[in-house]
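Build me a model from this:
(chains A and B)
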Amino acid sequence: MSTSATGIGASVRRKEDDRFIQGKGRYTDDVTFPGQAHAYFLRSPHAHAKIKSINTAKAAKMPGVLAILTGDDVAKDKIGNLACAWTINFRDGRPMRGGVHPILAQGKVRYVGDQFAVVIAETKNQAKLAAAAVKVDFEILPHVVNTAKAIKSGVTIHDVAPDNHVFDWALGNEAETNDAIKNAHHITKMEIINTRVVPNAMEVRCANAMYDAASDHFTVYCNSQNPHVLRLVLSAFHGLAPENKIRVISPDMGGGFGSKIPIYGEEVVCTWAARKVGRPVKWTSERTEAFQSDAHGRDHVTTAELATDGSGMITGLRVRTTAAMGGYLSSFGPLIPTVLYAPLLSGQYAIPNIFLHVDGVYTNTTPTDAYRGAGRPEASYLIERIVETAARELKMDPAEFRRKNMVKSFPHQTPVFVAYDNGDYVASLDKALAMHDYKGFAARKAESAKHGKLRGVGFSAYIEACGLAPSNIVGQLGSAVGFWESAEIRVNPAGTVEVLTGSHSHGQGHETSFAQVVSERLGVDFKNVSVVHGDTDKVQFGMGTYGSRSAAVGITAIVKALDKIEAKGKRIAAALMEASVDDVVFNEGNFTVKGTDKKKTFGEIAFAAYVPHHFNPQEIEPGLKETAFFDPTNFVFPAGVHICEVEVDAETGHTDIVGYTAVDDFGTLINPMIVEGQVHGGVAQGIGQALTEGCVYDDDSGQLLTGSYMDYAMPRARVMPDIANFKLGFTNTPALSNPLGLKGCGEAGAIAATPAVINAITNAIGVRDLAMPATPLTVWTAMQGMKKAAE
Amino acid sequence: MPAIKMKLNGKAVSGEVEGRTLLVEFIREHRGLTGTHVGCDTSQCGACVVHVNGKAVKSCTTLAASCDGADITTVEGLAKGTDLHPMQAAFKEHHGLQCGYCTPGMIMAAIDIVKRNGKNLSEDVIRRELSGNICRCTGYHNIVKAVQAGAANM
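Down below sits the predicted model:
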């Protein structure tokens, strides 16, 4: 790989930062159309209620009001329902029980925040004031917000699923796993709750739609992680217009973390209303609306049993999970606790027998969908908590127990569908142990004890499957869409390059890292490579960014297009230099002819491509622009070992993270600075779930109790370990399913960190089980339980 | 509607606002300066931090009318032509941003931290002082580095 200042492997400072640090970014809410009108949504104040009537008479006469639309208007205009793009049928073959999900609720609301009407007005404040004057008569229904109680609650949220059971699904070798548990030398059994969390991208969701009657054409600004998919859904499912009559632009975007993958009712309503009202309609969520309506993450209730033999080898894992879908099925809701969860339950370990059974259930809560890691953090949390606990029960060092059970030869077929292509898990473990000074832990613990602090250490040897992924595999697993990616390379006559990608950057720095790949390959100055994304009128169809797929799939599509650019460049160069194309070599921006001193630069060939005076345009088409679609043959499998060290205050239960070491194998790194940033941020989100964050619904009222940053504790700067104590390292085994050996790094930190933190705290205070978030109260209470038990 | 006048990034501006108009609404919607962001509406996240008469203020919970006659600086007012403010340059150099949404508020808060605590900032002071600013992308690691480096260069 290149060692040039801007090539692959260089920590190039980001192109996009120049506008962001000067306040010149352009986010969706920054866009204002002439004649802009504003939308404000009415949302359910109840967890579950019948809408008996909506009286808009008084509100409609208020100043500035242009329209008030309800579910009845949606039905009248035959605007299609929100769709779930992933089907998980019951094990016995019965179809998934997906309830109808209208863009504005009709007849019934199913969670606090469920939108049932919208006011369009001249200003935001006018819309909001009028919304307060809409009179709604609700008949409150019994509700259930507790995942474990959903099926037996007696509450029916959707008629199609009277007991709220949406699907059940299983994976693995059931009979052999049952035998392994039965014949185990030791069984470690745990009840594990993976708490519901709220993604909280700092930029809230926003949509701004404009309809041009003259051309019968919509322009929709929306902060979506997959703008082409949004356009497809607006067209094919909601029936608003054919795709060629809709332009979706997803400009600069303030984070996504999965919450901007689903298609939501609000952007459909804005698009529909823009034509109906004849004015551009903008909606910008407030933060409390975001808490109520952005798809939430996690929310699993699990029983797991890990079987080991007399020598400390894992012989089986049996898992029973109930996963909350919320009040409706979000776009990819059923995918997350099934196909993205179960295949990772083998972790980094050679476990011969694994069986998972999962039940998907409706609850009167905000729908769940992907949140950074999506299913894989849930798998990682489960396997890393239970492996750590098993090691303690077997009185083995948790690091050595892991080492003993790690997969050591590749490819490795797990009992849960996936086959790991390549890796060296022991190498990451060894490197992490050394970097962390694990040997020095006992001395550090003794020192902490002198100051009234309980010190603990916890491990997490995570694995994830990234780079969604082979379309023919995901199709068999229930996906309604394919998961390839597209790229287009436009070489301009003067040799500058535009890279159009179906990936979408919302913080990942694609404008920089993608340009590094192209600059190195073509020998074109980094400054002369522009990356274009997020606009359906510019970029051919793309599948967007999630699941750490932009490197493994998105960049690989770019590489495939670059292959074609090089091939065509060679043909033109051969003609210009009167040589056989087989003798032309392209290297560092120059086309040369083997065994001669003939040479043409890439810029000369680019120019010649558009001024075809020296080759025959009947044999070689003029121009230099190529496209590629890439669909991989396998997932990629980033993996690593994270070690967390904590000090717990013995008096207050307050936890400080005093050391954190992350060693990750992401394969080839394009821009190490950006990769490290992804790890820092991912780890912060994992630590957030472990220590501070938790979405709470009140069982009795069904109300969302954590609806703002005053109630939902986001991790802040002081929660994170000090700079000197937060160490990152890398190992590198290249992925085999793409030419650059890329694996993906976006989710790893969030997947790895949560179990490492909880393992560290339980080690520090000597308890087996601990609920998240491990607030001082939770930790202190757990310590009192220990003291009581000891008395 | 109250008429207000203020200095915004060195230029005299005036306008009529409702009593309820927030400073951030005046800046973004009336003056079209969209660098200042709204992240939470409740003064918890700090994406909206601007300087009012030289002090960091959360503009999402400040009434525009209360700033009549004030001297306001937003992130757009920091660079002198093409010369970045040292704090801006440090955020780029140390990869102190990813999605860029919290960044204007972070930079404005950071400059205020230096004004109150001096150029030689300890990590502990920076982390404590940033308790009113939320970033979801960076884990704060590189923000802390950027603030420390930016402070030293101010």
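
need the contact list for residue 77.
Using chain A here. Listed by CB atoms under 8 Å, 6 or more residues apart in numbering or on different chains, the contact set of A:D77 reads A:272, A:276. No exception for glycine: its C-beta is placed from N, CA and C like everyone else's.

my question was about chain B
Each residue near B:G77 by CB under 8 Å, 6+ apart is listed here: B:8-10.

Can stretch A:717-733 be said to contact chain B?
Yes - applying CB under 8 Å from any CB of the partner chain, one finds that stretch A:717-733 is in contact with chain B at A:717-718, A:720, A:722-723, A:726.

any idea of the mean pLDDT in that stretch?
When pLDDT is averaged over stretch A:717-733, the result is 98.

ends of it, how far apart?
End-to-end distance of stretch A:717-733 (CA to CA, to the nearest Å): 33 Å.

what kind of secondary structure is the closest residue to chain B within the stretch 401-550 of chain A in?
Proximity to chain B, evaluated over the stretch 401-550 of chain A using CB to the nearest CB, is greatest for A:G507 at 3.3 Å. Counting by DSSP: H, G, I helix; E, B strand; the rest coil, the backbone at A:G507 sits in coil.

Show the contacting residues for the residue nearest to it when sequence neighbours are not counted.
Leaving aside its sequence neighbours, A:G507 sits nearest to B:C99 (CB to CB, 6 or more residues apart in numbering or on different chains; 3.3 Å). By CB under 8 Å, 6+ apart, B:C99 lies in contact with A:201-203, A:252-255, A:506-507, B:136-137.

Give me the phi and psi angles of the nearest residue to A:S701 once chain neighbours are set aside.
Of all residues not flanking A:S701 in the chain, A:A47 sits nearest, at 7.2 Å (CB to CB, 6+ apart). Note on A:A47: backbone dihedrals following degrees, to the nearest 10 are phi -70, psi -30.

ok, B:C60 touching B:T21?
No - counting by CB atoms under 8 Å, B:C60 does not reach B:T21; the two are 11.8 Å apart.

Of the two, which one has the most company?
Comparing B:C60 with B:T21 by neighbour count (other CB atoms under 10 Å in any protein chain shown), the higher total belongs to B:C60, at 25 against 20.

Based on its surroundings, how many neighbours for A:S519?
Neighbours of A:S519 (other CB under 10 Å): 25.

Tell me where the model's unsure across the chain.
No chain in the question, so chain A it is. A:1-3 (pLDDT under 70).

farthest-separated two in the contacts of B:C99?
With distances taken as CB to CB, the most widely separated pair in the contacts of B:C99 is A:D252 and B:R136, at 15.2 Å.

rewinding a little: so which of the contacts of B:C99 would you say is closest to A:P334?
Checking these against A:P334 by CB to CB gives A:A201 as the nearest, at 22.8 Å.

Next, the contact list for the closest one, please.
A:254-257, A:259-260, A:294, A:506, B:99, B:101, B:136.

And for it, nearest residue in space, chain neighbours not counted?
Using CB to CB, 6+ apart, the closest residue to A:A201 is A:G255 (3.5 Å).

And what about the one you found, helix, strand or coil?
Recorded secondary structure, A:G255: coil (three-state DSSP).

how near is it to A:T545?
Computed as CB to CB, to the nearest Å, the A:G255 to A:T545 distance reads 12 Å.

between the two, what contacts are shared?
Counting by CB under 8 Å, 6+ apart, the common neighbours of A:G255 and A:T545 are A:H506.

so A:T692 makes contact with A:D711?
No - if you go by CB under 8 Å, A:T692 and A:D711 don't touch, sitting 11.7 Å apart.

Between these two, tell me which one has more neighbours.
Using other CB under 10 Å, the more surrounded residue of A:T692 and A:D711 is A:T692, with 18 against 13.

just checking, what's the longest helix in chain B?
helix B:103-117 (DSSP state H).

and that one, what does it pack onto?
When contacts are defined as 3 or more CB pairs under 8 Å, 6 or more residues apart in numbering or on different chains; DSSP states H and E, helix B:103-117 sits against strand B:49-52, strand B:55-58, helix B:86-93, helix B:123-129, helix B:141-152.

Give me the domain ranges for chain B.
In terms of domains, chain B is parsed into B:3-75, B:86-152 (source: automatic domain parsing).

now swap in chain A and tell me
Per automatic domain parsing, the structural domains of chain A span A:17-24+A:484-630, A:31-141+A:202-255+A:260-293, A:297-468+A:634-790.

before we move on, back to that, highest average neighbour count across the domains of chain B?
Most buried of those, by mean neighbour count (mean count of other CB atoms under 10 Å in any protein chain shown): domain B:86-152, with a mean of 23.

where along the stretch 451-600 of chain A do the helices fall?
Taking DSSP state H, counting those that start in this stretch, the helices of the stretch 451-600 of chain A run over residues A:471-476, A:510-522, A:556-576.

And the stretch 201-350 of chain A, by the same measure?
Counting by DSSP H, counting those that start in this stretch, the helices of the stretch 201-350 of chain A are A:227-236, A:265-277, A:287-293.

Which positions in the first one come out as buried?
Neighbour-count burial for helix A:227-236, counted by 16 or more other CB atoms under 10 Å in any protein chain shown, picks out A:227-235.

Looking at A:G255 and A:T545, which is more packed in?
Ranked by neighbour count (other CB under 10 Å), A:G255 and A:T545 place A:T545 first, with 30 against 26.

of all of the stretch 201-350 of chain A, which residue lies closest to chain B?
A:G254 (2.9 Å).

Grab the nearest non-local neighbour of that residue.
Nearest residue to A:G254 in three dimensions, chain neighbours excluded: A:E203, at 2.4 Å (CB to CB, 6+ apart).

picking that back up, using a markdown table, lay out the domains of chain B together with mean pLDDT.
Below are the domains of chain B laid out as a markdown table (pLDDT from 0 to 100):
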| stretch | mean pLDDT |
| --- | --- |
| domain B:3-75 | 97 |
| domain B:86-152 | 98 |
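
residues from the stretch 1-150 of chain A in reach of chain B?
Residues of the stretch 1-150 of chain A lying close to chain B by CB under 8 Å from any CB are A:13-14, A:16-27, A:29-30, A:32, A:125.

Repeat the analysis, applying 7 Å as the threshold.
By the rule CB under 7 Å from any CB of the partner chain, the part of the stretch 1-150 of chain A lying against chain B is A:13, A:17, A:20-25, A:27, A:30, A:125.

A:M313 contacts A:M406, doesn't it?
No - counting by CB atoms under 7 Å, A:M313 stays clear of A:M406, with 11.2 Å between them.

quick one, which of those two is more surrounded?
Counted by other CB under 10 Å, A:M313 and A:M406 do not tie: A:M406 has more neighbours, with 20 against 16.

The more buried one - nearest residue in space that isn't next to it in sequence?
Closest to A:M406 by CB to CB, 6+ apart is A:Y425, at 4.4 Å.

Test my guess that that neighbour contacts A:S409.
No - counting by CB under 7 Å, A:Y425 does not reach A:S409; the two are 11.0 Å apart.

Going by proximity to chain A, name the top residue of chain B.
For chain B and chain A, the shortest gap (CB to the nearest CB) falls at B:G35, measuring 1.8 Å.

Just give me the neighbour total for the closest residue in space to that residue that isn't next to it in sequence.
Distances taken as CB to CB, 6+ apart put A:G23 closest to B:G35, at 1.8 Å, once the chain neighbours are dropped. By other CB under 10 Å, 24 other residues sit near A:G23.
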